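Undergrad: Here is a sequence with its predicted model. Questions after.
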Amino acid sequence: ATAYGAGVAASGGAWTATGALVAGVMSAWMALVGAVTKDLGDVSGDAAGGRRTVAVVRGPAAARALAVAGALTVGAAAPALALLWAEPALTVAVPVALGSVWVVVRVLRGARREHDGRAERRGAYRAFMVTQYAANLTALAGLALPGLLG
């Protein structure tokens, strides 16, 4: 959220409902989905390194459940809140909603392939990252297009 706030401050603009919703959705996406999925790919390595991730402390199944719950919560809340309070935020909410489904599929697929290579176990995190990039790029496009068209 600080990065989005810095952008608002640097542009000389003021917070709007759309800006606050985008910052909140993307912050929740990173905290509830990214922070959990990034650790699903190397639980044994994290444990050996003394890291105390959710997957290490509570186990991979609990971490997967938390990742699925986070993805579904943010993915459902983002478009619902955008429709209620700030329709322009749909430019971010729609990619997040679509990406949340992708993350869930990758988490569940990774659970069945827990003994596969690291690349397969990191599939959920890659889906999270692609979604994050897509949402931020569509936000930038949403800012740029009105200026280009109008």
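TA: Good, I have the coordinates. Everything quoted here is computed from the prediction, not taken from an experiment.
Undergrad: quick one: least confident helix or strand in the chain?
TA: Using mean pLDDT, DSSP states H and E, the weakest-scoring helix or strand in the chain turns out to be helix 118-121, at a mean of 68.
Undergrad: ranges for the helices of this protein?
TA: Counting by DSSP state H, the chain has helices at residues 2-11, 17-28, 35-37, 43-48, 54-57, 60-85, 90-112, 118-121, 123-149.
Undergrad: hey, which of those is tucked in deepest?
TA: Among these, the stretch with the highest mean neighbour count (mean count of other C-beta atoms under 10 Å) is helix 35-37, at a mean of 24. C-beta here means a position set from N, CA and C on the backbone, and glycine is covered the same way.
Undergrad: which strands and helices sit next to it?
TA: Counting contacts by 3 or more C-beta pairs under 8 Å, 6 or more residues apart in numbering; DSSP states H and E, helix 35-37 packs against helix 60-85, helix 123-149.
Undergrad: Let me know the pLDDT of Val22.
TA: With respect to pLDDT, Val22 scores 92.
Undergrad: now it: how far from Ala61?
TA: According to C-beta to C-beta, to the nearest Å, Val22 and Ala61 sit 32 Å apart.
Undergrad: same deal with Ala135?
TA: As for Ala135, its distance to Ala61 is 28 Å (criterion: C-beta to C-beta).
Undergrad: Could you report the pLDDT at Gly147?
TA: Per-residue confidence at Gly147 stands at 51 (pLDDT).
Undergrad: ok, the residue most central in space within the chain - contacts?
TA: Residue closest to the average C-alpha location in the chain (C-alpha atoms, centre = their mean): Trp29, at 3.2 Å. Residues near Trp29 by C-beta atoms under 8 Å, 6 or more residues apart in numbering: Val74, Val96, Phe128, Thr131, Gln132, Ala135.
Undergrad: cool, Leu66 as well?
TA: Counting by C-beta under 8 Å, 6+ apart, Leu66 touches Leu32, Val36, Val54.
Undergrad: Closest one of those residues to Leu83?
TA: If you rank the contacts of Leu66 by distance to Leu83 using C-beta to C-beta, Leu32 comes first, at 20.5 Å.
Undergrad: That closest one: neighbour count?
TA: As a burial measure, Leu32 scores 18 neighbours (other C-beta atoms under 10 Å).
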